[in-house]
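Q: Fold the following for me, if possible:
(chains A and B)
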Amino acid sequence: DQQVKQNSPSLSVQEGRISILNCDYTNSMFDYFLWYKKYPAEGPTFLISISSIKDKNEDGRFTVFLNKSAKHLSLHIVPSQPGDSAVYFCAAVVSSGSARQLTFGSGTQLTVLP
Amino acid sequence: KAGVTQTPRYLIKTRGQQVTLSCSPISGHRSVSWYQQTPGQGLQFLFEYFSETQRNKGNFPGRFSGRQFSNSRSEMNVSTLELGDSALYLCASNSGVINEKLFFGSGTQLSVL
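A: Next up is the predicted model:
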């Protein structure tokens, strides 16, 4: 029972264009969402997060949008760069919990073509 | 500041053996979490330790266990290894503040033959 789903295993985008990575969740208790990026042979690194009280959060080229009614979030990368090629994981957490248990999606491999 | 350090980086074991993985968190971090990554499954939560106490546990069999020492270093043990235990095991740390991002190590790649 996957509570966080990334239905696109891979995405290819031309350099300079927009990359849009999608994530759906089923647990309405999730109230905090994060995106992590992972290069081969490295651990995931934090990219951007959003609280459920917001519908948008921006950090440079990265913007995360949250649609609570649809239980959907997306990560926009503009403009995309070849160095952005990596696996992107979305993750969700229930803030009221006392523990740091993130529920991750299965990841989307982004390839930015030069 | 040194990052999260996991040892060893690679490990090959055979079915039925047991294995211990080690994780040294970022200095000052008291929370250590463990995740299993397999192809197509994303990262699955194993357990979290805070101040030497297990605070939460994921849906893994009892063959998976862990502990945390007084210096916040953590170990994860898997007994009676099965082929399906082959995976990348990731350790993450933070100070334990709610919703604080996790800092991950590079992982230990375990292969069970």
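
Q: For the residue nearest the centre of chain B, identify the helix or strand it belongs to.
A: Computing the C-alpha centroid of chain B and ranking residues by Cα atoms, centre = their mean puts B:Trp34 first, at 3.2 Å. Using DSSP states H and E, B:Trp34 sits in strand B:31-38.

Q: just B:Gly28 next, same as before
A: Going by DSSP H and E, B:Gly28 is not in any helix or strand.

Q: How about the contacts made by it?
A: Applying Cβ atoms under 8 Å, 6 or more residues apart in numbering or on different chains to B:Gly28 gives the contacts B:Ser95. Where you see a C-beta, it was placed from the backbone N, CA and C, and this is true even at glycine.

Q: go with 6 Å
A: Listed by Cβ atoms under 6 Å, 6 or more residues apart in numbering or on different chains, the contact set of B:Gly28 is empty.

Q: still on that earlier bit, please see if the following helix or strand past the strand holding B:Trp34 touches chain A.
A: Helices and strands here follow DSSP H and E; after strand B:31-38, the next one along the chain is strand B:42-50. Yes. Judged by Cβ under 6 Å from any Cβ of the partner chain, strand B:42-50 comes into contact with chain A at B:42-43, B:45, B:48.

Q: Lowest-confidence entry in those residues?
A: Ranked by pLDDT, those bottom out at B:Gly42 (83).

Q: Contact partners for that one?
A: By Cβ under 6 Å, 6+ apart, the neighbours of B:Gly42 are A:104-107.

Q: contacting residues around B:Ser24?
A: B:5, B:73.

Q: For it, list each beta-bridge partner.
A: B:Ser24 has these beta-bridge partners by DSSP bridges: B:Thr5.

Q: any idea how far it is from A:Val78?
A: 37 Å (Cβ to Cβ, to the nearest Å).

Q: hmm, back to that, what packs against the strand holding B:Trp34?
A: strand B:42-50, strand B:87-94 (3 or more Cβ pairs under 6 Å, 6 or more residues apart in numbering or on different chains; DSSP states H and E).

Q: Buried residues, that strand. List them.
A: Within strand B:31-38, the residues scored as buried using 16 or more other Cβ atoms under 10 Å in any protein chain shown are B:31-37.

Q: rank the helices and strands packed on strand B:31-38 by pLDDT, which is bottom?
A: If you rank the helices and strands packed on strand B:31-38 by mean pLDDT, strand B:42-50 sits at the bottom with a mean of 91.

Q: ok, and for that one, which residues are buried?
A: Using 16+ other Cβ under 10 Å as the burial criterion, the residues of strand B:42-50 that qualify are B:42-50.

Q: Specify the next element, helix or strand, located C-terminal of that strand.
A: For strand B:42-50, the succeeding helix or strand toward the C-terminus, using DSSP H and E, is strand B:53-57.

Q: Please name every helix or strand in contact with that next one.
A: strand B:42-50.

Q: thinking B:Phe103 is in contact with B:Val4, fair?
A: Yes. Using Cβ atoms under 6 Å, B:Phe103 is in contact with B:Val4, at 5.5 Å.

Q: shared neighbours of the two, anything?
A: Common contacts of B:Phe103 and B:Val4, defined by Cβ under 6 Å, 6+ apart, comprise B:26, B:93.

Q: so who does A:Leu110 touch?
A: Shown in contact with A:Leu110 (Cβ under 6 Å, 6+ apart): A:11, A:19, A:85, A:88.

Q: Alpha carbons of the strand holding B:Trp34, in PDB - could you do that?
A: What follows is strand B:31-38, C-alpha atoms only, in PDB (Å, rounded to 0.1, in the frame of the first residue of the first chain):
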ATOM      1  CA  SER B  31      18.300  11.500  15.800                       C
ATOM      2  CA  VAL B  32      19.400   8.700  13.500                       C
ATOM      3  CA  SER B  33      17.000   7.000  11.000                       C
ATOM      4  CA  TRP B  34      17.600   4.000   8.800                       C
ATOM      5  CA  TYR B  35      16.000   3.400   5.300                       C
ATOM      6  CA  GLN B  36      16.100   0.600   2.800                       C
ATOM      7  CA  GLN B  37      16.200   1.500  -0.900                       C
ATOM      8  CA  THR B  38      15.400  -1.100  -3.500                       C
END
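
Q: If anything else comes up later, I'll come back, but that's it for now.
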